[in-house]
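> Let's see this in three dimensions:
(one chain, ligands or ions: 1)
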Amino acid sequence: MAINKKIIVGNWKMNPVSLKEAEKIFSGIAKGFAVLKKTQVIICPPALFLEKLKKVSTKISLGSQDAFWEESGAFTGEISASMLDTLGVRYTIVGHSEQRHKYTDEEINRKVRGCLASGIIPILCVGETERDADHKYLNFVKQQVESALDKVSKNSLAKVIIAYEPIWAIGKTAVREATSAEFLEMSLLIKKVLNDKFGKSATDTVKILYGGSVNTKNALDFLENGKADGLLVGRESLNPAKFTEIIKTSENLNSLKGPNKK
Ligand code: PGA
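Here you go, the predicted structure:
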């Protein structure tokens, strides 16, 4: 994982239905941009498309949408981090809100540690269901981060990506997208939790992404004003034109602020 690059993740969820369509979307995205200097693109398609998509383009890294903690065994329907590793997949989403109901916090922690043990970078999703007037959601997210990273070493922390995805901002039924100020506040909270647990030097390199109704119109705001280290994009990552626009937004960030430019 490149330290100074923004990370744009596409979470395809259970889409599209056919491999043919998946290849079309994937190559459409790959064709939409040249070599990127400041952005890393990761697409997390349904797991059964991973092997084929690997051959379509090497410009895009691949990730899974989940991984089980045990290496192998009697766990019907599960995919292990070690299996992803043998396939050459380097990333996986862990603890997405659409998966969380199946697992306890302790199991999410086992998934994170299972990934790290297998050399897979977990993209750990955290986020509250709703924003209550008493601000209990702050403690909720704090606990999610703490429990997911329990028994993770300082060294391994550098290999974890965190995505703050408030559940109320995700998908077609979203109440609204978060604001960049709301994200900034939560990313500072997450950094403080990491700081208290691991110390400042270990925390500085951890990337914190925003996810939840990211689109071509709000991407810049989250990256620039929200200071997000990247974005986790659902629906718009299935649209090559829109997703490449988001990638280019990241790549062109600050390009007008260089020493020789006005
Ligand atoms: P959305 O999904 O961008 O469609 O809201 C984001 C996610 O669930 O990761």
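> Tell me if I'm right that D221 and A178 touch.
No - the pair D221 / A178 is not scored as a contact, 10.3 Å apart, by C-beta atoms under 8 Å. (C-beta placed from N, C-alpha, C; glycine too.)
> neighbour count winner among those two?
A178 (28 against 18; other C-beta atoms under 10 Å).
> distance of the more buried one from the ligand?
A178 sits 11 Å away from the ligand, going by C-beta to the nearest ligand atom, to the nearest Å.
> what does R176 give?
11 Å.
> Contacts only, for the closest residue to that residue other than its chain neighbours.
Distances taken as C-beta to C-beta, 6 or more residues apart in numbering place A169 nearest to R176, at 6.6 Å, with adjacent residues excluded. Contacts for A169 (C-beta atoms under 8 Å, 6 or more residues apart in numbering) come out as G127, V175, R176, E177, A178, G212, S213.
> Report pLDDT for A169.
At A169, the model reports a pLDDT of 96.
> Tally up the residues packed near M186, please.
22.
> So is the helix or strand containing it next to the ligand?
For M186, the host element (DSSP states H and E) is helix 180-198. No - using C-beta under 6 Å from any ligand atom, helix 180-198 never reaches the ligand; the gap is at least 13.4 Å.
> Could you look up the next helix or strand downstream of that helix?
That would be, after helix 180-198 and using DSSP H and E, helix 200-203.
> Tell me how many other residues surround the closest residue to the ligand within the chain.
Minimum separation of the chain from the ligand (C-beta to the nearest ligand atom) falls at G234, amounting to 2.1 Å. Neighbour count of G234, defined by other C-beta under 10 Å: 24.
> So for it, what's the nearest residue that isn't a sequence neighbour?
N11 (5.2 Å).
> For the strand or helix carrying K242, list every residue counted as buried.
Assigned by DSSP H and E, K242 falls within helix 240-251. Within helix 240-251, the residues that count as buried by 16 or more other C-beta atoms under 10 Å are P240, K242, F243, T244, E245, I246, I247, K248, T249, S250, E251.
> Tell me who's in contact with the spatially closest residue to the second one that is not a sequence neighbour.
The shortest distance from K242 to any residue that is not its chain neighbour, by C-beta to C-beta, 6+ apart, is 4.5 Å, and that residue is E236. Contact partners of E236, counting by C-beta under 8 Å, 6+ apart, are V214, N215, T216, K242, F243, I246.
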